[in-house]
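A.B. asks: sequence and computational prediction follow.
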Amino acid sequence: MENYLQYGLLFLAAIAGGAVNAFAGGGGFIVFPSLVLNGVSSIRANAMTCVSMWFGNVASVKAFKNDIQIMPKDLKILLVISGIGGLCGAFVMVMTDPEVFKSLVPYFHLVSWGTFAFSKSILSYFQKKTTGSGHFEYTHKKLIPLFLINFYGGYFNAGIGIMILTLFTLYGMKELNEMNGLKVLMVTVNNGIAALCFIFSGLIDWKITAILTIGGIIGGYYGAVFSRHMNQELVRKLIIVIGGLIAVYFFTM
């Protein structure tokens, strides 16, 4: 990772990842593999992707601020579960042997790619099968599913967004903007706590992470600006194709 061409390519990958997150989500499918292809170990690449992409999540929170309609008590519980799940997942990842984590990456990537690729069908199915008030209301029966998804988010966060949306749909939520708002809040807390764990673990190469962070912010900003003029479905299909090819690569490496 010592030549400027590699840094430049990672910077472009981060811009693309930030823009893709603004368009349709799935930026991790670009940033994480870019690090691995440039010689960064899988476990460090996962930590650095989480830290560098966190700022984009923070920037997205404000956009959904007025769409969220949830009781303050329920919101606090959701965010506490997100934080604890993220901390536990990140701690387990830090303790995982790097070779074991590397062997798990293809399967995690396949699961996250599958949930993204079939997200519309999954959400549509559960919307037809569930009834509810349309807003999230916490009950203790929802604790374990919420914790497990947030644990996954702390351990290997690619695809967590669509998993949260699917769970919200299963719980009877109807308004997509509100679901997205809660999802962004949860992912921001989840990844923020996980990022702190990764930072103190010594897994972060700050020079590369700074490059990724700046690229992600630029891509996220201009991606949001131009998203209204882009064919988001075309972008989504392109991400699916790229993610599928990367999944094949991980299984053959």
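C.D. replies: Great, that's in hand.
A.B. asks: which pLDDT value belongs to residue 82?
C.D. replies: On the pLDDT scale, residue 82 is placed at 94.
A.B. asks: helix or strand: which one has it?
C.D. replies: Residue 82 is part of helix 72-95 when elements are defined by DSSP states H and E.
A.B. asks: who are the packing partners of that helix?
C.D. replies: helix 42-61, helix 143-155, helix 176-201 (3 or more CB pairs under 8 Å, 6 or more residues apart in numbering; DSSP states H and E). For every residue, glycine as well, the C-beta is placed using N, CA and C.
A.B. asks: which element is residue 36 on?
C.D. replies: Going by DSSP H and E, residue 36 is part of helix 28-37.
A.B. asks: any idea how far residue 164 is from residue 47?
C.D. replies: Residue 164 is 21 Å from residue 47, where distance means CB to CB, to the nearest Å.
A.B. asks: okay, the two: which has more neighbours?
C.D. replies: Neighbours per residue (other CB atoms under 10 Å) separate residue 164 from residue 47, with residue 47 holding more: 27 against 24.
A.B. asks: and the pLDDT for the more buried one?
C.D. replies: With respect to pLDDT, residue 47 has a value of 93.
A.B. asks: residue 104 too?
C.D. replies: pLDDT recorded at residue 104 is 90.
A.B. asks: and if you look at residue 35?
C.D. replies: On the pLDDT scale, residue 35 gets 92.
A.B. asks: picking up where we left off before, which other residues reach the helix holding residue 82?
C.D. replies: Contact with helix 72-95 is made by 43, 46-47, 50, 68, 70, 101, 136-138, 143, 146-156, 182, 185-187, 189-195, 197-198, 201, 203, as judged by CB atoms under 8 Å, 6 or more residues apart in numbering.
A.B. asks: of those, buried ones?
C.D. replies: 43, 46-47, 50, 68, 70, 101, 136, 138, 146-147, 149-156, 182, 185-187, 189-195, 197-198, 201, 203 (16 or more other CB atoms under 10 Å).
A.B. asks: so what's the residue count around the residue lying closest to residue 6 once chain neighbours are set aside?
C.D. replies: Sequence neighbours aside, residue 38 is the residue nearest to residue 6 in space, at 5.3 Å (criterion: CB to CB, 6 or more residues apart in numbering). By other CB under 10 Å, 15 other residues sit near residue 38.
A.B. asks: so how far is the helix holding residue 36 off the chain centroid?
C.D. replies: Distance of helix 28-37 from the chain centroid (CA atoms, centre = their mean, to the nearest Å) equals 13 Å.
A.B. asks: any weak-confidence spans in this protein?
C.D. replies: Along the chain, the parts satisfying pLDDT under 70 run over 1-2, 22-26, 59-60, 62-64, 126-134, 223-230, 232, 253.
A.B. asks: next, count neighbours for residue 54.
C.D. replies: Neighbours of residue 54 (other CB under 10 Å): 21.
A.B. asks: helices or strands up against the host helix or strand of residue 13?
C.D. replies: Taking DSSP H and E as the criterion, residue 13 maps to helix 4-23. When contacts are defined as 3+ CB pairs under 8 Å, 6+ apart, helix 4-23 packs onto helix 28-37, helix 42-61, helix 206-226, helix 232-252.
A.B. asks: how close does the closest residue to residue 113 other than its chain neighbours sit to residue 81?
C.D. replies: Leaving aside its chain neighbours, residue 113 sits nearest to residue 243 (4.2 Å; criterion: CB to CB, 6+ apart). Using CB to CB, residue 243 is found at 28 Å from residue 81.
A.B. asks: list the residues that contact residue 104.
C.D. replies: residue 156.
A.B. asks: got the buried residues for the helix or strand containing it?
C.D. replies: Secondary structure from DSSP H and E places residue 104 in helix 98-117. Buried residues in helix 98-117, counting neighbours by 16+ other CB under 10 Å, are found at 101-102, 104-106, 108-117.
A.B. asks: list the contacts of the residue nearest to residue 89 when sequence neighbours are not counted.
C.D. replies: Distances taken as CB to CB, 6+ apart place residue 154 nearest to residue 89, at 2.5 Å, with adjacent residues excluded. For residue 154, the contact set (CB under 8 Å, 6+ apart) comprises 85-93, 190-191, 193-194, 197.
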